[in-house]
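In: Requesting a structural model of the entry that follows:
(one chain, ligands or ions: 1)
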Amino acid sequence: MSLHTFFDRKEDEIGVKLNDVQQEAVLTTEGPLLLLASPGSGKTTTIIMRIGYLIEKKAVEPTRIKAVTFSRASALDMKERYQAFFPKLAPVDFSTIHSLAFQVVREYLYKQGVTYELIEGEIDRPQFHKRMVLRDLFMQLNDEHITDDQLDELSTYISLVKNKLLPEEKWQTVECDVPAALDILKRYEAFKQEAPAHLLVDFDDMLTTANEAFENDHKLLAKYQQQYDYLLTDESQDTSMVQHAIIEKLVRQHQNLCVVADDDQSIYTWRAAEPQYLLDFKKIYPNATILMMEQNYRSTKEIVQTANQFIKQNKNRYDKHMFTENRSHEKVQLKSFTLYDEQVEYIIKQLKSVNNHHDVAILYRNNGSSIILADALNEAGISFYMKDQDQRFFNHWVVQDILNFMRLAYDVSRVDVFERVYSKFYGFLSKQQVEQVRQNPSQQSVFERLIKYGHLKDFQVKKFKQYQLIYQNIHDYSPKEVIRQIRKDLGYEKVIKDMCKRLGFNEEGLIETLNLLEVIAEKAEDMIAFARRLLHLEQLMKESKFNKHQNAVTLSTFHSAKGLEFQSVYMVDLIQGVIPSRTDLEDFKEGKVASIEEAVRLFYVGMTRAETKLELLTYERKYNAKVQPSKFYFDVASLVNPSENRQVKKQHVAVKKKQYNPNAIQSEDEISVGLIVKHRVFGKGEIVDYMSGSIMIQFESDLKELALSTCLDYGLIELVKNY
Ligand SMILES: Nc1ncnc2c1ncn2[C@@H]1O[C@H](COP(=O)(O)OP(=O)(O)OP(=O)(O)O)[C@@H](O)[C@H]1O
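Out: You can find the predicted model right below:
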């Protein structure tokens, strides 16, 4: 059978004729190969064909091929695609790196007579679960309960340190905002090894121990090296250092390694992914072949061209040129609303005008965006699907606090409820003072008893008399107004801001939670209806994962949308501080580009999910505060409508040079995003974006893109304040 017939036959069978690069990737079976695959470029199709080719044409035993995937879901997906493409061939081993590491560790420790116990995932002794252990250690070191957000951050920090293979003396180089994180990590590692003959291991230890096993036990390594003649790793842009190290050792003899990746879709560096490894691939494997699969089969010309130009602003990448032979359809749409509410109303209107919701996705940066969307969709009678809905919002302590403040309104004599929130009233109550209330039970309100028996200081008496008055009239107010009163008049917001300073919580996130609660409360008549609405929403979001095959619109974060595709995609809440995030922007100001480049990649992942329709949505005001549209929104706007920007530039060329201003900014080095400047014609504004050649300034009246050289040459802008 000739080569020609292999590809032709497969074309007849599955209806896909591989393009030239795809064919080359199939045929390059020997030696290291880095296959850089643009989104929608037929990566999975090519990998499966390559495996089939190895078996059918090169007579490789299926058991001698190992395909390592990033997740169990993609292992399953590949297995199914392989069976569909090659129904007559014996199965190939598609599995995650963790399952490979698990086998290695089991054998390695068994040989040493050491037993082990897994403390992550489903385990026998829940009290030894990683999260429980970390909770206890946090308490021991900080004398406080850890929040769920902090626990997540701590776990990520530990994973990062382990996956980067950092030695102990370098652990402190990794930043973590959780108090005493480094000490917790040290104690956690010691705790797991307290009994050397019975180790406690988490998922990260599986990887580091497997790597160590290959380093120390040469016989074991040789056994695994001889087990597979061909290795393939998928989604390799998300692979961590320890995972790369394991693979490197496995293929050391034959070097038959096919690494499939898209460095432009690397969005997990915060979870230890090492896209730099791909950029250094030739240093590690000098004989490597690098192929670029750049033809996109998913999206229209407009979407592919815009996304392709957008990603080129990143510098640390392989310079690929994604293209498509698909049809033209419509430009990428950009919508900027005055108010946040208008964005939601617009989406609902759009969805009501189409019947098929299954093909539509609404994508956002943060999970918080889903709450208001879910609420509005539910009101409009539109079903939605969420793969990994985040229930943390509903269980969040801020939400529980607000509900407890409200509960107290229905029975102001309840000490048990008061005890849950006493420290959240601005008034510095001590446990002992509250204890006095408990020790003097009566039908009187907790406030009266507190004032009578609590030995309060003068200022506390004054405060709690005010609070008592607020509670007496609280039922006259709407639930939204009640939340406002809790925030402002009971001093809750002041208390949580103090907590943020003391405990390193994310203030912005907590305020956002309160704002979201106010939006939900808007539609409720009273506090009971508000609590019910919250419960209903929680239930709805929990159950939304069962709507996958219904006529339901998909709600997803950009991260979780990776690998998915939809006819229509709405990217929402595109504002500065969200995407790019505040941290991305701060890093950028300090000259660090890694995080803003990752934000660009994340945005790119979102854009490339769309097949025919892509809309980017932003707004200028949210919860009565001014916000700025995302820098990426403008980047896309200038790609989609370059002529509009040219008009703006033309306007400024007319300015006369003789009006020279000695205080003006004269050099490009003085420009940075966030600077407050005064423009000679347009007045005060903030630099919101800065690209080579132009700057974008948000003036009070509107936003303008100005030619940088004109501003500098003619002394048009001067510095007002730097922050
Ligand atoms: N050579 C080709 N000719 C026509 N269609 C193709 C070709 N290669 C792939 N496709 C089609 O492109 C679509 C995407 O392919 P596939 O799922 O393999 O992409 P992918 O690169 O794995 O996507 P992702 O961006 O999710 O990584 C599929 O419908 C596939 O049939």
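In: Near Asp12, how many residues? Count them for me, please.
Out: By other Cβ atoms under 10 Å, 9 other residues sit near Asp12. All C-beta spots, glycine's among them, are computed from the backbone N, C-alpha and C.
In: and what of Asn395?
Out: With other Cβ under 10 Å as criterion, Asn395 counts 11.
In: for Leu363, which residues make a bridge with it?
Out: Beta-bridge partners for Leu363, by DSSP bridges, are Ser556, Met571.
In: Assess the claim that Glu342 and Tyr619 are in contact.
Out: Yes: assessed by Cβ atoms under 8 Å, Glu342 is found in contact with Tyr619 at 6.6 Å.
In: tell me which residues of the lengthiest strand in the chain are tucked away?
Out: Longest strand in the chain by number of residues (criterion: DSSP state E): strand 610-622. Neighbour counts over strand 610-622 (16 or more other Cβ atoms under 10 Å) mark Ala610, Glu611, Thr612, Lys613, Leu614, Glu615, Leu616, Leu617, Thr618, Tyr619, Glu620, Lys622 as buried.
In: roughly how far is stretch 383-394 from the heart of the chain?
Out: A distance of 14 Å separates the centroid of the chain from that of stretch 383-394, by Cα atoms, centre = their mean, to the nearest Å.
In: and if you look at stretch 423-430?
Out: On Cα atoms, centre = their mean, the centre of stretch 423-430 falls 35 Å from that of its chain.
In: Likewise for stretch 213-226?
Out: 37 Å.
In: At the contact with the ligand, which residues of the stretch 501-650 of the chain appear?
Out: Proximity of the stretch 501-650 of the chain to the ligand (Cβ under 6 Å from any ligand atom) is limited to residues Gly563.
In: so where do the strands sit in the stretch 501-650 of the chain?
Out: In the stretch 501-650 of the chain, the segments counted as strands under DSSP state E, counting those that start in this stretch are 553-557, 566-571, 610-622, 625-626.
In: Quick one: the ones you listed as JSON lines, columns for distance to Glu13 and mean pLDDT too.
Out: Shown next, in JSON lines, are the strands of the stretch 501-650 of the chain (distance: least, Cβ to Cβ, whole Å; pLDDT from 0 to 100):
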{"stretch": "strand 553-557", "distance to Glu13": "31", "mean pLDDT": "97"}
{"stretch": "strand 566-571", "distance to Glu13": "27", "mean pLDDT": "98"}
{"stretch": "strand 610-622", "distance to Glu13": "25", "mean pLDDT": "97"}
{"stretch": "strand 625-626", "distance to Glu13": "58", "mean pLDDT": "88"}
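In: quick one, which of those is nearest to Leu377?
Out: strand 553-557 (6.9 Å; Cβ to Cβ).
In: Pick out the residue of the protein closest to the ligand.
Out: Residue of the chain nearest the ligand, by Cβ to the nearest ligand atom: Gly42 (2.6 Å).
In: quick revisit: pull up the pairing partners for the longest strand of the chain, direction included.
Out: Going by DSSP bridges, the partners of strand 610-622 are strand 333-339 (parallel), strand 566-571 (parallel), strand 625-626 (antiparallel).
In: which one of those strands is the most hemmed in?
Out: For those, the largest average neighbour count (mean count of other Cβ atoms under 10 Å) is found in strand 566-571, namely a mean of 24.
In: Now do it: distance to the chain's middle.
Out: 18 Å.
In: Direction-wise, compare that strand with strand 553-557 and give the angle.
Out: Following axes from the mean of the first three to the mean of the last three Cα atoms, to 10 degrees, one obtains 50 degrees for the angle between strand 566-571 and strand 553-557.
In: which residues in the stretch 51-200 of the chain form helices?
Out: Assigned by DSSP state H, counting those that start in this stretch, the helices in the stretch 51-200 of the chain fall at 72-85, 97-111, 130-142, 148-163, 181-192.
In: Can I get the buried residues of strand 610-622 in a markdown table including distance to Leu503?
Out: Compiled in a markdown table, these are given as follows (distance: Cβ to Cβ, whole Å):
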| residue | distance to Leu503 |
| --- | --- |
| Ala610 | 41 |
| Glu611 | 45 |
| Thr612 | 47 |
| Lys613 | 44 |
| Leu614 | 41 |
| Glu615 | 40 |
| Leu616 | 36 |
| Leu617 | 35 |
| Thr618 | 33 |
| Tyr619 | 32 |
| Glu620 | 33 |
| Lys622 | 26 |
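In: Between the residues you listed, which sits nearest Gly491?
Out: Relative to Gly491, the closest of these is Lys622; by Cβ to Cβ it sits at 24.1 Å.
In: Which residue is the nearest non-sequential neighbour of the closest one?
Out: Tyr340 (4.0 Å; Cβ to Cβ, 6 or more residues apart in numbering).
In: how about low-confidence regions in the stretch 1-150 of the chain?
Out: Along the stretch 1-150 of the chain, segments meeting pLDDT under 70 span 1-4.
In: What parts of it come near the ligand?
Out: Near the ligand, when you scan the stretch 1-150 of the chain using Cβ under 6 Å from any ligand atom, you find 16-19, 22, 37, 39-45.
In: what's the farthest-apart pair in those residues?
Out: Top of the distance list for these (Cβ to Cβ): Lys17 and Pro39, 20.2 Å.
In: When these two are compared, which one has more neighbours?
Out: Legend: neighbour count by other Cβ under 10 Å for Lys17 and Pro39, higher for Pro39 (25 against 12).
In: Does that one touch Gly606 like I think?
Out: No: using Cβ under 8 Å, Pro39 makes no contact with Gly606, being 10.6 Å away.
In: And the helices in the stretch 551-700 of the chain?
Out: Remark: helices assigned in the stretch 551-700 of the chain by DSSP H, counting those that start in this stretch are 582-589, 594-607, 631-640, 642-653.
In: quick one: low-confidence ranges for the stretch 451-600 of the chain?
Out: For the stretch 451-600 of the chain (pLDDT under 70), the answer is none.
In: per-domain residue ranges of this protein.
Out: When the chain is parsed with automatic domain parsing, its domains come out as 18-99+209-293, 115-195, 333-387+548-626, 394-525, 645-721.
In: For the residue nearest the centre of the chain, which non-adjacent residue is spatially closest?
Out: In the chain, the centroid-proximal residue (Cα atoms, centre = their mean) is His559; its distance is 5.0 Å. Nearest residue to His559 in three dimensions, chain neighbours excluded: Ile267, at 5.9 Å (Cβ to Cβ, 6+ apart).
In: So that neighbour: helix, strand or coil?
Out: coil (DSSP: H, G, I helix; E, B strand; the rest coil).
In: Please give the number of neighbouring residues around Gly40.
Out: 21.
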